[in-house]
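Peer 1: Here is a sequence together with a model predicted from it:
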Amino acid sequence: MKNTILLLAISIITLTACSKDSDGGGSTIEPEEVIILQPTSATLSFPANNEPCLETTSINDTQSSITFRWNASENVNSYDISVTNLSNNTNNVYNASSNEKNLTLEHDEPYSWKIISNGQSGSQPAESDTWKFYLAGPAQVNYAPFPAELTSPISGSTTTPSEGLISIQWNCVDVDNDLVTFEVYLDTTDASTLVQSVDFASNTTSIDVAVENNSIYYWKVIAVDANGNNSNSGVYSFRTN
């Protein structure tokens with residue numbers, strides 16, 4: 001009989017404790033706050049921006065190796081290096097565990113590159129600035145201009161002509177500073193119609209071109225230097241209303 005009473009008392013105490021915990025009357029253990037450290041953006045170091053890259057190793061007639069370098073970021077587990085061939089707009093992304101990476105690329109080509117810093121799970125990757133360089137080939141002394149960046153109108157946008165004209169704008173850089181002219185192509189089919197040749201005056205150029213309302217236009221810019229080297233911006237489009 002005494003054992004039965006003792007077991008009953010223990011059961012009542014246990015049920016009371018459980019009831020207090022479920023009602024919030026008992027003590028509870030709060031989960032620890034998880035702090036996610038965000039990675040910082042890398043600062044690019046080599047190859048230099050808007051310069052020919054001569055610190056390379058020739059691999060064969062068409063390829064050279066180059067070691068990309070950047071300042072280490074904080075709170076980083078790994079890096080992705082994004083490299084784009086500006087002649088054909090081909091992009092490749094390579095993973096790196098440290099703040100340098102040796103890559104083999106086609107030489108005699110212009111490139112852009114940036115670093116994506118990856119942190120712990122749940123963090124947001126951080127991107128560096130984007131730099132451009134020209135990967136020189138063996139004994140190369142003259143370089144084609146970087147392809148022009150078409151900045152206005154933004155591709156796919158809609159613009160309103162003023163008295164039958166709109167302003168178009170682009171940026172272009174040449175590593176050996178011998179740009180001579182820009183050839184501007186614009187039409188409603190494939191940007192194959194030369195509408196104006198513009199003498200080089202500055203890296204940012206803007207001109208007015210004639211357009212019709214309610215039409216889709218395609219345009220591109222060919223940059224030409226003093227040695228006849230040229231580069232193609234690629235075709236952008238815009239709509240008029």
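Peer 2: Great, that's in hand. Numbering: from 1, shown residues only.
Peer 1: Give the helix, strand or coil label for residue 122.
Peer 2: Secondary structure state of residue 122, per DSSP: H, G, I helix; E, B strand; the rest coil, is coil.
Peer 1: Any idea how many residues pack against it?
Peer 2: 9 (other Cβ atoms under 10 Å). In this view, the C-beta of every residue, glycine as well, is placed from N, C-alpha and C.
Peer 1: How far does stretch 221-231 stretch from one end to the other?
Peer 2: Using Cα to Cα, to the nearest Å, one end of stretch 221-231 lies 8 Å from the other.
Peer 1: just how off-centre is that stretch within its chain?
Peer 2: 25 Å (Cα atoms, centre = their mean, to the nearest Å).
Peer 1: which parts of that stretch are buried?
Peer 2: For stretch 221-231, burial by neighbour count (16 or more other Cβ atoms under 10 Å) applies to 221-225, 229-231.
Peer 1: Any chance you could list what contacts that stretch?
Peer 2: Residues outside stretch 221-231 that contact it (Cβ atoms under 8 Å, 6 or more residues apart in numbering): 86-87, 110, 142-148, 150, 170, 172, 174, 176, 178-185, 232-233.
Peer 1: just stretch 146-162 next, same as before
Peer 2: Applying Cβ under 8 Å, 6+ apart, the external contacts of stretch 146-162 come out as 50, 86-87, 110, 132, 134, 166-175, 182, 206, 211-213, 219-221, 223, 231-234, 236-241.
Peer 1: coming back round to it: helices - which of the buried residues of stretch 221-231 land there?
Peer 2: Of the buried residues of stretch 221-231, none are assigned to helices by DSSP state H.
Peer 1: do you know how far the closest residue to residue 184 other than its chain neighbours is from residue 59?
Peer 2: Distances taken as Cβ to Cβ, 6 or more residues apart in numbering put residue 196 closest to residue 184, at 4.7 Å, once the chain neighbours are dropped. As for residue 196, its distance to residue 59 is 42 Å (criterion: Cβ to Cβ, to the nearest Å).
Peer 1: Span of stretch 72-80 from start to end?
Peer 2: The first and last residues of stretch 72-80 sit 12 Å apart, counting by Cα to Cα.
Peer 1: Assumed residue 206 was part of a strand.
Peer 2: Yes: residue state for residue 206 (three-state DSSP) corresponds to a strand.
Peer 1: Can you report how many residues neighbour the nearest residue to it once chain neighbours are set aside?
Peer 2: Of all residues not flanking residue 206 in the chain, residue 169 sits nearest, at 4.2 Å (Cβ to Cβ, 6+ apart). Residue 169 has 14 neighbouring residues, counting by other Cβ under 10 Å.
Peer 1: Name all residues that make contact with residue 169.
Peer 2: Here residue 169 is in contact with 150-152, 204-206 (Cβ under 8 Å, 6+ apart).
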